[in-house]
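Visitor: I need the structure of the sequence given here:
(chains A and B)
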There are 2 protein chains.
Amino acid sequence: MSDFVQTRHEPPTSLDRPREIVVVCSPLRSNVNLSRIVRTVTCCGITRLIACGNPKIDSEIARDGLDTLDFQVRRSLAPVLDKLRGDGFRLVGLEQTTGSVSIHRYEFDRRTALVVGNERSGIDPDVLAKLDDVVEIPVWGLPHAYNVATATSMALYEYCRQFPRG
Amino acid sequence: MSDFVQTRHEPPTSLDRPREIVVVCSPLRSNVNLSRIVRTVTCCGITRLIACGNPKIDSEIARDGLDTLDFQVRRSLAPVLDKLRGDGFRLVGLEQTTGSVSIHRYEFDRRTALVVGNERSGIDPDVLAKLDDVVEIPVWGLPHAYNVATATSMALYEYCRQFPRG
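Guide: Numbering: from 1, shown residues only, chains lettered A, B, ... in the order given. Take a look at the predicted model:
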């Protein structure tokens, strides 16, 4: 008899307080990537995501967490970031830039706006100019870049590791 | 002028020694998920992946890291795991089970075989019975389960965080 028996439908981990992180997506090429990000975001207990452009969420991919999400769409990110800064959020980009720090050494602010870039062009320079910090996830091999939804999931994993109770 | 200027085509981080982790996939429903796992695996500098069933890698998703990967396909996992144990690997499942530990508190062995389950049915009982440890990634919200490629990426992120130089 194995020590390990599946318990797949356990209740989720509880939070002591609502999560304060907001995920902010640049216009993405792929609604599949955005929908995958939605699924990870809601699994992490995050309740707020701001997207740009003309996104369509595929509910087959995003699943039923979408109903729990405050999902907003804005024309451009610059005014969104100004507002978030005014609301006390630290603006953190996920990108490889000059001045970026490894996410392995980065201590997140609880109140963080995590800014994600486009699959090809990354985070636009006018958005980068508004950020407080840029974190990057180390890459060790080809194709030398994580998929955007994968990188976002890794960053959210790290944030949640630092704030397991919210 | 922004402090942050994109450096997207930097060389990857180097390893002091080859990665010893092997990713072992149960038969998956979706070749898209497997192909996404391949992309993350090669980005992490991991050189060995064993899959089961009748998988087809989509090179548009997996990208050019596939050429760097020792990708093996086996009929069933049980003999694979016996062999890996004989070769000194710690057999670690990614699943929610009785006796599983939160990945936040788990110290990976450098020489780990990370076993991933099917999207719907998870890791089969006969495979669970062979594992040394099972780690689970906390979930805080709906749909109460990460996508399999997302969960694998988070687990590989954690492994690489613990062994940033290989």
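
Visitor: contacts and neighbour counts: CA atoms only from here.
Guide: Fine.

Visitor: Tell me which helix or strand comes right after the helix or strand harbouring A:Val41.
Guide: Assigned by DSSP states H and E, A:Val41 falls within helix A:31-43. Where DSSP H and E defines the elements, the next helix or strand beyond helix A:31-43 is strand A:48-52.

Visitor: What lies in contact with the helix or strand just after that following strand?
Guide: Counting by DSSP H and E, the next helix or strand C-terminal to strand A:48-52 is helix A:59-62. For helix A:59-62, contacts defined as C-alpha atoms under 8 Å, 6 or more residues apart in numbering or on different chains pick out A:32, A:35-39, A:66.

Visitor: Among the residues you listed, which ones lie close to chain B?
Guide: Within the set of the contacts of helix A:59-62, contact with chain B (C-alpha under 8 Å from any C-alpha of the partner chain) is found for A:Arg39.

Visitor: could the contacts of helix A:59-62 go into JSON lines alongside neighbour count and pLDDT?
Guide: Formatted as JSON lines, the contacts of helix A:59-62 follow (neighbours: other C-alpha atoms under 10 Å in any protein chain shown; pLDDT from 0 to 100):
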{"residue": "A:Val32", "neighbour count": "19", "pLDDT": "97"}
{"residue": "A:Ser35", "neighbour count": "22", "pLDDT": "98"}
{"residue": "A:Arg36", "neighbour count": "26", "pLDDT": "98"}
{"residue": "A:Ile37", "neighbour count": "26", "pLDDT": "98"}
{"residue": "A:Val38", "neighbour count": "30", "pLDDT": "98"}
{"residue": "A:Arg39", "neighbour count": "28", "pLDDT": "98"}
{"residue": "A:Leu66", "neighbour count": "20", "pLDDT": "91"}
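
Visitor: can you give me the strands for chain A?
Guide: For chain A, strands defined by DSSP state E occupy the ranges A:22-25, A:48-52, A:70-74, A:90-94, A:101-102, A:112-116, A:133-136.

Visitor: Any idea which of those strands gets closest to chain B?
Guide: Closest to chain B of the strands of chain A is strand A:133-136 (C-alpha to the nearest C-alpha; 7.5 Å).

Visitor: Longest helix in chain A, please.
Guide: Ranked by residue count, the top helix of chain A under DSSP state H comes out as helix A:148-162.

Visitor: Measure how far it is from the centre of its chain, please.
Guide: Put simply, helix A:148-162 sits 7 Å off its chain's centre (C-alpha atoms, centre = their mean, to the nearest Å).

Visitor: got the contact list for A:Phe163?
Guide: Applying C-alpha under 8 Å, 6+ apart, we find A:Phe163 in contact with A:Arg110.

Visitor: Check the gap between the nearest residue in space to A:Ser100 that is not next to it in sequence and A:Val23 for me.
Guide: The shortest distance from A:Ser100 to any non-neighbouring residue, by C-alpha to C-alpha, 6 or more residues apart in numbering or on different chains, is to A:Val134 (4.6 Å). According to C-alpha to C-alpha, to the nearest Å, A:Val134 and A:Val23 sit 14 Å apart.

Visitor: try A:Ile61
Guide: The value you get for A:Ile61 to A:Val23, if C-alpha to C-alpha is used, is 18 Å.

Visitor: what's the answer for A:Pro79, then?
Guide: According to C-alpha to C-alpha, A:Pro79 stands 15 Å off from A:Val23.

Visitor: Which of those two has more residues huddled nearby?
Guide: A:Val23 (23 against 12; other C-alpha atoms under 10 Å in any protein chain shown).

Visitor: Go ahead and confirm the more buried one touches A:Leu94.
Guide: No: the criterion here is C-alpha atoms under 8 Å, and A:Val23 misses it with A:Leu94 at 10.7 Å.

Visitor: so what's in contact with those two at the same time?
Guide: Joint contacts of A:Val23 and A:Leu94 (C-alpha under 8 Å, 6+ apart) are A:114-116.

Visitor: Let's have those residues in a markdown table, adding distance to B:His104, pLDDT and neighbour count.
Guide: Shown next, in a markdown table, are those (distance: C-alpha to C-alpha, whole Å; pLDDT from 0 to 100; neighbours: other C-alpha atoms under 10 Å in any protein chain shown):
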| residue | distance to B:His104 | pLDDT | neighbour count |
| --- | --- | --- | --- |
| A:Leu114 | 21 | 98 | 26 |
| A:Val115 | 24 | 98 | 25 |
| A:Val116 | 24 | 98 | 23 |
